[in-house]
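Novice: sequence and predicted structure are below.
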Amino acid sequence: MRRLTKEPVEAEVAEGGAPVPFPLEAKKGECYRVFAVAEPTVTDLDVVVRSSRGASIAADHGEDRWPIVQPDRPFCPLENDTLTVELAARRGKGKVVAEVWALRVSMSD
């Protein structure tokens, strides 16, 4: 995998607050991982990846402050799309950072 984000995405999140979004230009034939970590004052950080139509296509399912979107495997969009990655605090308040990593896969059309 290679790091796709040139710099980590930095944000502040708060329990009950709106998610902090950032775009991800996804390409058919690539698979992605999103890694995030929050400072200790955020005890449950959630990450959701949405399609351009707003549908959730990948998310973390843990209750921790260091989520990995789908920790068992990367997610692989079936078409080019501008995805939105949302960072939100389920519990707590504080600073977070996130990175997106990508892997090129061979796909036959």
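Specialist: On my side now, so go ahead.
Novice: drop to CA atoms for contacts and neighbour counts, all remaining ones
Specialist: Will do.
Novice: what distance do you get for the closest residue to residue 81 other than its chain neighbours to residue 93?
Specialist: In space, residue 81 comes closest to residue 26 once its chain neighbours are excluded; the distance is 5.3 Å by CA to CA, 6 or more residues apart in numbering. Residue 26 sits 29 Å away from residue 93, taking CA to CA, to the nearest Å as the criterion.
Novice: centroid-nearest residue for the chain?
Specialist: Geometric centre of the chain, nearest residue: residue 34, 4.1 Å, by CA atoms, centre = their mean.
Novice: quick check: pLDDT value at that residue.
Specialist: At residue 34 the predicted local distance difference test score is 97.
Novice: what about the closest residue to it other than its chain neighbours, how many residues close to it?
Specialist: In space, residue 34 comes closest to residue 100 once its chain neighbours are excluded; the distance is 4.6 Å by CA to CA, 6+ apart. Other residues near residue 100 come to 21 when the count uses other CA atoms under 10 Å.
Novice: right, and the residue nearest to the centre of the chain touches residue 69 too?
Specialist: Yes - using CA atoms under 8 Å, residue 34 and residue 69 qualify as a contacting pair, with a distance of 5.3 Å.
Novice: elements contacting whichever strand in the chain runs longest?
Specialist: In the chain, assigned by DSSP state E, the strand with the most residues is strand 81-104. Using 3 or more CA pairs under 8 Å, 6 or more residues apart in numbering; DSSP states H and E as the contact test, the elements touching strand 81-104 are strand 2-3, strand 9-14, strand 20-26, strand 30-38, strand 42-50.
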